[in-house]
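A.B. asks: what's the 3D shape of this:
(one chain, ligands or ions: 2)
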Amino acid sequence: MAEKSTVLILFGATGDLAHRMLFPSLYHLLCDGLLPEPFHIMASGRTRMDDAAFRDTIAEALKTYAQAELLDEDRIAGFLERIVYCPVSAGDEAQFAALAERARSLSTGPVAVYLSTPPSLFAPTAQGLAGAGLIGADTRIAMEKPIGKDLASSKEVNDAIGALFPEEHIFRVDHYLGKETVQNLMALRFGNRLFEPLWNSSAIDHVQITVAETVGLEGRVSYYDGVGALKDMVQNHMLQILSIIAMEPPARMDSTAVRDEKVKALRSLRPMEPDSVRTHSVRGQYREGAVGGKLIAGYAEELGKPSDTETFVALKAHIDNWRWTGVPFYLRTGKCMPSRQSEILIQFKPVTHSIFRRNGYGDALEPNQLIIRLQPDENIRLCIMAKRPGLDRDGVKLQEVGLDVSLAHAFANERRRIAYERLLLDLIEGDTTLFVRRDEVEAQWTWIDSITAGWKESGQKVVQYAAGTWGPSAGIALIERDGASWYD
Ligand SMILES: NC(=O)C1=CN([C@@H]2O[C@H](COP(=O)(O)OP(=O)(O)OC[C@H]3O[C@@H](n4cnc5c(N)ncnc54)[C@H](OP(=O)(O)O)[C@@H]3O)[C@@H](O)[C@H]2O)C=CC1
Ligand SMILES: O=C1O[C@H](COP(=O)(O)O)[C@@H](O)[C@H](O)[C@H]1O
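C.D. replies: Ligands and ions are numbered 1, 2, ... in the order given. This next block holds a predicted model:
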């Protein structure tokens with residue numbers, strides 16, 4: 001009997017994300033022999049064109065975005081042969097029926113659907129598929145972010161999709177979870193005996209999470225304005241990172257155990273009260289400035305009108321549970337920052353008693369720091385105190401030194417993968433561990449809504465910062481007020 005074929009139906013296939021990330025990732029998986037066979041991709045966008053014209057656009061995209069060492073004419077041709085194109089405008093039943101007919105002619109096995117369209121189309125597209133009879137008992141659906149713009153609207157999307165698919169077949173994408181570096185946080189915490197006994201308020205003073213980007217709007221003005229950094233970055237990527245840092249150890253590495261622990265941490269985030277929102281949050285918007293020597297127009301100039309959308313946000317969060325009581329989590333993210341860097345700082349408390357104090361060097365003892373850099377390069381640095389070489393006739397001299405691990409060097413022979421390779425493979429294979437469960441999204445929105453409500457009530461406006469700087473000075477004051485400073 002012939003093997004059952006798998007079909008991936010990709011909506012939004014003519015879009016930016018599909019060209020830059022999704023098709024190159026699928027191509028990489030094919031090159032590594034990781035896709036099930038037979039495997040077909042049914043690509044769909046609103047634009048009308050035939051298979052050949054669409055395949056030409058993908059051939060171009062691969063040349064630009066796929067890894068150069070994997071480019072090979074025969075392999076590209078073999079990949080393109082698997083792609084058919086079917087134009088569908090959301091809401092057009094006849095087009096859905098045509099897509100369904102073509103999909104049935106390709107698939108005798110599992111169907112995976114990927115929604116890479118504007119989020120307002122997630123529900124109508126799923127309903128179109130249902131109307132065309134394309135949702136079977138084992139059909140899975142992946143949705144890009146954002147799911148809604150607040151808790152109420154995210155519930156509407158989740159209800160609409162949940163009416164058609166069971167939760168275990170819904171794959172809410174947060175591409176940060178597909179990054180090796182983010183998965184490595186779990187390896188660091190739970191694959192080593194070293195850290196867990198200290199991973200709590202008795203040893204940790206505070207935690208910082210920074211996701212700084214050098215890019216500005218990159219032509220995404222219509223999406224970004226009115227959304228802003230809080231909803232674009234904190235609601236999803238940064239809270240996912242926070243939940244992995246803060247969660248209790250899961251019993252095992254499976255989707256239920258891991259996500260149960262993450263959601264408990266997210267639900268423990270202390271809602272921001274309107275009277276604390278001003279001291280616990282800073283909103284910034286970039287004005288004209290230079291990033292990496294290049295002059296950048298201000299946000300409002302690029303938009304063509306004044307706007308109160310934040311392109312920078314800094315927050316002081318608290319997690320109200322046994323492990324984290326009294327440990328602030330400082331979060332900051334911004335566009336047009338001086339450098340692209342995503343990192344986590346675990347700031348330990350000072351030693352409880354310094355034996356070096358007597359000879360006058362005690363004051364120079366620096367509390368340990370663990371710095372986990374997620375991007376652009378992946379490394380882990382543990383700052384410890386060491387004795388400076390010397391005869392020390394006037395007392396032992398200590399100095400801070402770093403124990404550095406560069407994961408690029410440690411795993412020099414491993415190919416670095418696009419986050420979407422992992423996520424697409426998990427979708428095809430049906431593993432939801434690295435996707436966001438409904439209760440997680442809703443816990444994330446609950447906390448974010450408390451901040452936006454506080455901003456509204458207090459009338460907190462954006463403060464300008466020059467592009468190419470680390471945000472408004474209020475962002476620095478937010479942490480320095482507590483006697484700490486951002487790790488730059
Ligand atoms: N781009 C990025 O870096 C990131 C994107 N995302 C998310 O991914 C999704 C896609 O983003 P992106 O690729 O940038 O968006 P684009 O605007 O580049 O692409 C949108 C896609 O949706 C299709 N589309 C638009 N309107 C309709 C319609 N009425 N009916 C059917 N199809 C339609 C477009 O088809 P056509 O072109 O033929 O009109 C196109 O294929 C969004 O949810 C976004 O939030 C998430 C993280 C990062
Ligand atoms: O989801 C988003 O993420 C990107 C940043 O992703 P990265 O993988 O380059 O760190 C951000 O630029 C974009 O605004 C946001 O929608």
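A.B. asks: number of nearby residues for Phe122?
C.D. replies: 22 (other C-beta atoms under 10 Å). For every residue, glycine as well, the C-beta is placed using N, CA and C.
A.B. asks: with Arg381 instead?
C.D. replies: For Arg381, the count of nearby residues is 18 (other C-beta under 10 Å).
A.B. asks: doesn't it fall inside a helix?
C.D. replies: No. Counting by DSSP: H, G, I helix; E, B strand; the rest coil, Arg381 falls outside a helix, being strand.
A.B. asks: just give the nearest non-adjacent residue to Gly12, would you?
C.D. replies: Take Gly12 and drop its neighbours on the chain: the residue closest to it by C-beta to C-beta, 6 or more residues apart in numbering is Ser116, 3.4 Å away.
A.B. asks: residues in contact with the closest residue to Leu106 other than its chain neighbours?
C.D. replies: Using C-beta to C-beta, 6+ apart and skipping the chain neighbours, the partner closest in space to Leu106 is His40 (4.5 Å). By C-beta atoms under 8 Å, 6 or more residues apart in numbering, His40 lies in contact with Ser5, Thr6, Val7, Leu8, Arg82, Ile83, Val84, Leu106, Ser107.
A.B. asks: which one of those is nearest to Gln183?
C.D. replies: Set against Gln183, the nearest of the contacts of His40 by C-beta to C-beta is Leu8 (22.6 Å).
A.B. asks: separation between that closest one and Ile161?
C.D. replies: Distance from Leu8 to Ile161, counting by C-beta to C-beta, to the nearest Å: 18 Å.
A.B. asks: which single residue of the stretch 201-350 of the chain ends up nearest ligand 1?
C.D. replies: Per C-beta to the nearest ligand atom, Tyr223 is where the stretch 201-350 of the chain lies closest to ligand 1, at 6.3 Å.
A.B. asks: look up which helix or strand that residue falls in, please.
C.D. replies: Here Tyr223, judged by DSSP states H and E, is contained in helix 221-224.
A.B. asks: so after that helix, what's the next helix or strand?
C.D. replies: Going down the chain from helix 221-224, the next helix or strand is helix 228-229, by DSSP H and E.
A.B. asks: which strands or helices does that next one pack on?
C.D. replies: strand 312-317 (3 or more C-beta pairs under 8 Å, 6 or more residues apart in numbering; DSSP states H and E).
A.B. asks: what about stretch 106-115 and ligand 1, touching?
C.D. replies: No. Applying C-beta under 6 Å from any ligand atom, one finds stretch 106-115 out of contact with ligand 1, separated by at least 7.4 Å.
A.B. asks: first-to-last residue distance for that stretch?
C.D. replies: One end of stretch 106-115 sits 19 Å from the other (C-alpha to C-alpha, to the nearest Å).
A.B. asks: list the buried residues for that stretch?
C.D. replies: If you call a residue buried by 16 or more other C-beta atoms under 10 Å, then stretch 106-115 has these buried ones: Leu106, Ser107, Pro110, Val111, Ala112, Val113, Tyr114, Leu115.
A.B. asks: residues in contact with the residue of the chain found nearest ligand 1?
C.D. replies: Across the chain, no residue is closer to ligand 1 than Gly15, which sits at 2.3 Å (C-beta to the nearest ligand atom). Counting by C-beta under 8 Å, 6+ apart, Gly15 touches Gly45, Ser116, Thr117.
A.B. asks: helices of the stretch 251-400 of the chain, start to end?
C.D. replies: Counting by DSSP state H, counting those that start in this stretch, the stretch 251-400 of the chain has helices at residues 255-267, 277-280, 299-303.
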